[in-house]
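[1] here is the input, now give the coordinates:
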Amino acid sequence: MAIRQKTVEFNVKPGGVVHTFTEAVKEYECSFTYASQGGTNEQWLMSVGLSDDDKLFSCSVWRPQGKSYLFFTQFKAELKGTKIKFANAYSQTAGAGHSDVPLKPEEFTIGESTVTHTDGKFSAQLSKLTAIGQTRHDEL
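    Modelled structure (predicted):
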């Protein structure tokens, strides 16, 4: 039985260097590329999942504590092999008495298979990113 969903922990490392973290389910891959400044490493989670009919692939990255104290200079999530149908990004997520605070629509850009920060508009605050892509499966 193929794994359809998994959640893995990874470190978000500041220092201004571009890092990428990637996970996959079957042939579908989610990669989160970022650069950040400020404090120390933060523990984040990435969850990837594939629907039972293989038509939807989802990817989320988030900080379980609800808010990141790092300043992100850039970010990009890519869902390889899919066409993104829905995506949202948050500066703060629910938890510890706080509610989700989505980024303003102009702070990020949704492309064919990527979600990226918008240069000059992104406020450098990111705590969660979610995207759902439609696989090419139904076009075969």
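
[2] okay, and for this structure, where does confidence drop off?
    1-3, 95-96, 137-140 (pLDDT under 70).

[3] and with 80 instead?
    Low-confidence segments of the chain (pLDDT under 80): 1-3, 94-98, 137-140.

[4] where do the helices of it begin and end?
    Along the chain, no stretch is classed among the helices by DSSP state H.

[5] hang on, isn't K128 packed against V61?
    Yes: using CB atoms under 8 Å, K128 makes contact with V61 at a distance of 7.1 Å. C-beta here means a position set from N, CA and C on the backbone, and glycine is covered the same way.

[6] any idea what the closest residue to T116 other than its chain neighbours is bridged to?
    Nearest in space to T116, with sequence neighbours left out and distances taken as CB to CB, 6 or more residues apart in numbering, is K76 at 4.4 Å. Assessed by DSSP bridges, K76 has beta-bridge partners T33, T116.

[7] show me where the chain has its strands.
    Remark: strands assigned in the chain by DSSP state E are 5-12, 19-25, 28-37, 42-50, 56-62, 71-80, 82-92, 101-102, 108-110, 114-117, 128-135.

[8] tabulate these in a markdown table, adding columns for mean neighbour count.
    Output for those, formatted as a markdown table (neighbours: other CB atoms under 10 Å):
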| stretch | mean neighbour count |
| --- | --- |
| strand 5-12 | 13 |
| strand 19-25 | 16 |
| strand 28-37 | 20 |
| strand 42-50 | 18 |
| strand 56-62 | 23 |
| strand 71-80 | 20 |
| strand 82-92 | 19 |
| strand 101-102 | 14 |
| strand 108-110 | 18 |
| strand 114-117 | 20 |
| strand 128-135 | 22 |
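
[9] so the residue nearest to T116 touches C30, yeah?
    No: between K76 and C30 there is no contact, the gap being 11.1 Å when judged by CB under 8 Å.

[10] so who does the residue nearest to T116 touch?
    F32, T33, Y34, T114, V115, T116, H117 (CB atoms under 8 Å, 6 or more residues apart in numbering).
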